[in-house]
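Colleague: Output the structure for:
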Amino acid sequence: KGEAHAEGEKVENPDTGLYYDEYLRQVIDVLETDKHFREKLQTADIEEIKSGKLSRELDLVSHHVRTRLDELKRQEVARLRMLIKAKMDSVQDTGLDHQALLKQFEHLNHQNPDTFEPKDLDMLIRAVSARYK
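Modeller: Predicted structure coming up:
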């Protein structure tokens, strides 16, 4: 409200409107804790990011960062499963295929719900890019 932000203070970004906005923000925050990845992100142009070239850098981040990303992915998969269950409960249709429903979420690799891999980062980037074309 007209106040200057102190240097280093985190400024809230506006909501992207994506149903996975919180997951996206958490992934970015964790990736930015890795010095190497942060430097690559800062020097990459938009085409390098969209093409998936930046996703390959995920193999070079620290073990701690990968562990945290794995945890975030498991939490997101659990959240999506809860949404699917709520949807199934609301329509009382038990004949739905759980895996088929997970396929509609294009921002992560649902076939590997336990670890965050370069494919997950690539899918997340592509999903966000497709939303803003």
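
Colleague: Give the lowest-confidence helix or strand of this protein, using mean pLDDT as the measure.
Modeller: Ranked by mean pLDDT, DSSP states H and E, the weakest helix or strand in the chain is helix 98-102, scoring a mean of 60.

Colleague: That one: what's the following helix or strand?
Modeller: Heading C-terminal from helix 98-102, the first helix or strand you meet, by DSSP states H and E, is helix 118-131.

Colleague: Break down the protein into its helices, ranges please.
Modeller: Ranges of helices in the chain, per DSSP state H, are 21-31, 35-43, 46-51, 63-91, 98-102, 118-131.

Colleague: Sort out which residues of stretch 45-64 are buried, please.
Modeller: Going by neighbour count (16 or more other C-beta atoms under 10 Å), the buried part of stretch 45-64 is 49-50, 54-55, 57-58, 61. From N, CA and C alone the C-beta is placed, and that goes for glycine too.

Colleague: Can you list which of those residues are found in strands?
Modeller: Of the buried residues of stretch 45-64, none are assigned to strands by DSSP state E.

Colleague: Of all pairs in these, which one spans the longest distance?
Modeller: Across these, the longest distance by C-beta to C-beta is 19.8 Å; it joins 50 and 61.

Colleague: ok, now which ones touch the residue nearest in space to the middle of the chain?
Modeller: Centroid-nearest residue in the chain: residue 24, 3.8 Å away (criterion: C-alpha atoms, centre = their mean). Residues in contact with residue 24 (C-beta atoms under 8 Å, 6 or more residues apart in numbering) are 16, 18, 107, 124, 128.

Colleague: Check residue 38 too.
Modeller: So residue 38 contacts 31-32 (C-beta under 8 Å, 6+ apart).

Colleague: run the last query once more with 6 Å
Modeller: By C-beta atoms under 6 Å, 6 or more residues apart in numbering, the contact list for residue 38 reads residue 32.

Colleague: Could you tell me the least trusted of the helices of the chain?
Modeller: Among the helices of the chain, helix 98-102 has the lowest mean pLDDT, at a mean of 60.

Colleague: Ramachandran coordinates for the nearest residue to residue 53 once chain neighbours are set aside?
Modeller: In space, and not counting its chain neighbours, residue 53 is closest to residue 44: 7.5 Å by C-beta to C-beta, 6 or more residues apart in numbering. Main-chain torsions, residue 44, degrees, to the nearest 10: phi -80, psi 140.
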